[in-house]
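[1] I would like the atomic coordinates for the input below:
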Amino acid sequence: MWYTVIQAENDSEGAVHAKVSTDARSPWFAGHFPGDPILPGIAQLNMVTECIERVLQQKLVLQKLARVKFKKLIRPGDILDIHAVAGKQNNNYTFSIQHNNQQVCSGRLVLIPGKEQ
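    Have a look, this model is predicted:
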């Protein structure tokens with residue numbers, strides 16, 4: 001895996017909380033950008049989806065995105081805090097990624113149950 005899950009759990013209200021560390025050897029960093037590596041947005045969204053899957057113990061497929069904002073760069077080795085809350089509508093999640101208590105990325109995802117592989 002291209003990142004390490006340090007902790008992943010849901011709280012008493014069902015919100016997903018995860019702490020992850022990005023791996024400097026990840027191919028994401030090698031190709032984006034050589035000499036000045038940053039984590040691409042698609043990788044960030046994948047990481048959020050996988051953390052939600054891990055906590056819910058369910059295969060999910062990203063169906064739709066809304067209001068996604070990328071505010072800060074993620075560098076190799078950064079420790080990230082991921083927070084996701086299920087919305088009122090089925091399969092909707094509001095999420096944020098933080099690094100050093102600063103918001104890096106936020107938005108909404110619609111995740112639908114996927115087929116187990």
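[2] can you list contacts of the helix or strand of the chain with the lowest mean pLDDT?
    Within the chain, judged by mean pLDDT, DSSP states H and E, the helix or strand with the poorest mean is helix 27-31; its value is a mean of 86. Outside helix 27-31, the residues that touch it by Cβ atoms under 8 Å, 6 or more residues apart in numbering are Trp2, Thr22, Pro37, Ile38, Leu39, Pro40, Ala43, Pro76. Any C-beta I mention is one placed from the backbone N, CA and C, and that applies to glycine too.
[3] of the residues you listed, which belong to helices?
    Those of the contacts of helix 27-31 mapping onto helices are Ala43, per DSSP state H.
[4] make JSON lines out of the contacts of helix 27-31 and add distance to Phe70 and neighbour count.
    Shown next, in JSON lines, are the contacts of helix 27-31 (distance: Cβ to Cβ, whole Å; neighbours: other Cβ atoms under 10 Å):
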{"residue": "Trp2", "distance to Phe70": "18", "neighbour count": "14"}
{"residue": "Thr22", "distance to Phe70": "15", "neighbour count": "24"}
{"residue": "Pro37", "distance to Phe70": "15", "neighbour count": "19"}
{"residue": "Ile38", "distance to Phe70": "10", "neighbour count": "17"}
{"residue": "Leu39", "distance to Phe70": "10", "neighbour count": "25"}
{"residue": "Pro40", "distance to Phe70": "9", "neighbour count": "15"}
{"residue": "Ala43", "distance to Phe70": "11", "neighbour count": "19"}
{"residue": "Pro76", "distance to Phe70": "17", "neighbour count": "16"}
